[in-house]
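Engineer: let me see the structure of the following:
(one chain, ligands or ions: 1)
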Amino acid sequence: MNEEIDPAVFTDLLTSLRRDASEHLRARGEAIRDVQDARNDPAGADDEHDPEGATLSDEWSRLEGLRRAASAEIDEIDDALRRLGDGTFGVCESCGRDIPVGRLLVRPTATLCVPCAEGRR
Ligand SMILES: [Zn+2]
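Structural biologist: Numbering: from 1, shown residues only. Okay, the predicted model is just below:
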């Protein structure tokens, strides 16, 4: 266990990050449904032939990418919360040294210290 870690501080931080990520996931799911509705709407079909604008298909792929990123972020946050619970939070998964608290405050889902993340150790 990284002795400099105050689990309460990071539980709060991760919980609030998780709330934001869940909100992003929800909003993107809704945006994707809107695009699907527009695709199914005959009145909106002309958008597909507008050479100037992004097509609905492109918009859908973009939103799907964002939705997957939000989903992956939630997985990372859940993983960090689990590590807080089992006492491995803040310990580098590669070299076993403590990850500096300053790095964790910026990136609480970090699993590697900076040298390991950059491949220098
Ligand atoms: Zn390391």
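Engineer: so where's the protein shaky on pLDDT?
Structural biologist: 43-54 (pLDDT under 70).
Engineer: list the contacts for the residue nearest the centre of the chain?
Structural biologist: Geometric centre of the chain, nearest residue: E73, 2.2 Å, by CA atoms, centre = their mean. Neighbouring residues of E73 by CB atoms under 8 Å, 6 or more residues apart in numbering: 17, 21, 24, 109. C-beta: built from backbone N, CA, C; applies to glycine.
Engineer: confirm it sits in a helix?
Structural biologist: Yes: under DSSP: H, G, I helix; E, B strand; the rest coil, E73 sits within a helix.
Engineer: can I get stretch 83-97 as PDB, trimmed to CA atoms?
Structural biologist: Taking Å, rounded to 0.1, in the frame of the first residue of the first chain, the C-alpha atoms of stretch 83-97 are listed here in PDB:
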ATOM      1  CA  ARG A  83      -7.500  -1.300  -5.900                       C
ATOM      2  CA  LEU A  84      -8.400   1.200  -3.200                       C
ATOM      3  CA  GLY A  85     -10.400  -1.500  -1.500                       C
ATOM      4  CA  ASP A  86      -7.700  -4.200  -1.700                       C
ATOM      5  CA  GLY A  87      -4.800  -1.800  -0.800                       C
ATOM      6  CA  THR A  88      -2.900  -1.900  -4.200                       C
ATOM      7  CA  PHE A  89      -4.000   1.600  -5.200                       C
ATOM      8  CA  GLY A  90      -1.100   3.900  -5.900                       C
ATOM      9  CA  VAL A  91       1.400   1.100  -6.400                       C
ATOM     10  CA  CYS A  92       3.000   0.700  -9.800                       C
ATOM     11  CA  GLU A  93       1.800  -2.500 -11.400                       C
ATOM     12  CA  SER A  94       5.100  -2.900 -13.200                       C
ATOM     13  CA  CYS A  95       7.900  -2.000 -10.700                       C
ATOM     14  CA  GLY A  96       6.000  -2.100  -7.400                       C
ATOM     15  CA  ARG A  97       7.100   1.300  -6.300                       C
END
